[in-house]
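Peer 1: Just to be clear, the model below is a prediction. Sequence and coordinates:
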Amino acid sequence: MVEIRVADSGPGLADGVRDRLFEPFTTTKPDGLGMGLSISRAIVDGHGGNLHAEDGVGGGAVFCMTVPAAAGAGA
């Protein structure tokens, strides 16, 4: 598996959003259409991977994606 982690130094994941983060149309904006994380997770899952979020050490959020490594020349 290959793991990709993206971290930020923002305020982190709010408790009210954390449980719904990967549901369609979840947003923190009054007129938002969603963060796109539900479709992102579906795509990653479709490739045999996993997408999840966790709290960053010292604040912020970390999004972690794992996908199978490609086999091929030089692998």
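Peer 2: Now that the structure is in, tell me what you want to look at.

Peer 1: did I read that right, residue 41 in a helix?
Peer 2: Yes. Counting by DSSP: H, G, I helix; E, B strand; the rest coil, residue 41 falls inside a helix.

Peer 1: quick one, what contacts it?
Peer 2: Listed by Cβ atoms under 8 Å, 6 or more residues apart in numbering, the contact set of residue 41 reads 22, 51. C-beta: built from backbone N, CA, C; applies to glycine.

Peer 1: residue ranges with poor pLDDT in the chain?
Peer 2: Along the chain, segments meeting pLDDT under 70 span 73-75.

Peer 1: show me where it has helices.
Peer 2: Under the criterion DSSP state H, the chain contains helices at 15-18, 37-46.

Peer 1: Which residues does the shortest one contact?
Peer 2: Just to be clear, that refers to helix 15-18. Residues contacting helix 15-18 (Cβ under 8 Å, 6+ apart): 26, 28, 53.

Peer 1: hang on, the earlier thing: which of the helices of the chain has the highest mean neighbour count?
Peer 2: helix 37-46 (a mean of 14; mean count of other Cβ atoms under 10 Å).

Peer 1: how distant is that helix from the center of its chain?
Peer 2: Distance of helix 37-46 from its chain centroid, counting by Cα atoms, centre = their mean, to the nearest Å, is 9 Å.

Peer 1: now do stretch 66-75
Peer 2: Counting by Cα atoms, centre = their mean, stretch 66-75 is centred 21 Å from the centre of its parent chain.

Peer 1: buried stuff in it?
Peer 2: Using 16 or more other Cβ atoms under 10 Å as the test for burial, stretch 66-75 gives 66-67.

Peer 1: Residue numbering should commence at 224 henceforth.
Peer 2: Sure, I'll start counting at 224 from here, so that last one is stretch 289-298.

Peer 1: if we can go back for a sec, turn the helices of the chain into TSV, columns for distance to residue 280.
Peer 2: Converted to TSV, the helices of the chain look like this (distance: least, Cβ to Cβ, whole Å):
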stretch	distance to residue 280
helix 238-241	17
helix 260-269	21
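
Peer 1: and residue 289, which of those helices is closest to it?
Peer 2: Judged by Cβ to Cβ, the one of the helices of the chain that comes nearest to residue 289 is helix 260-269, at 8.1 Å.
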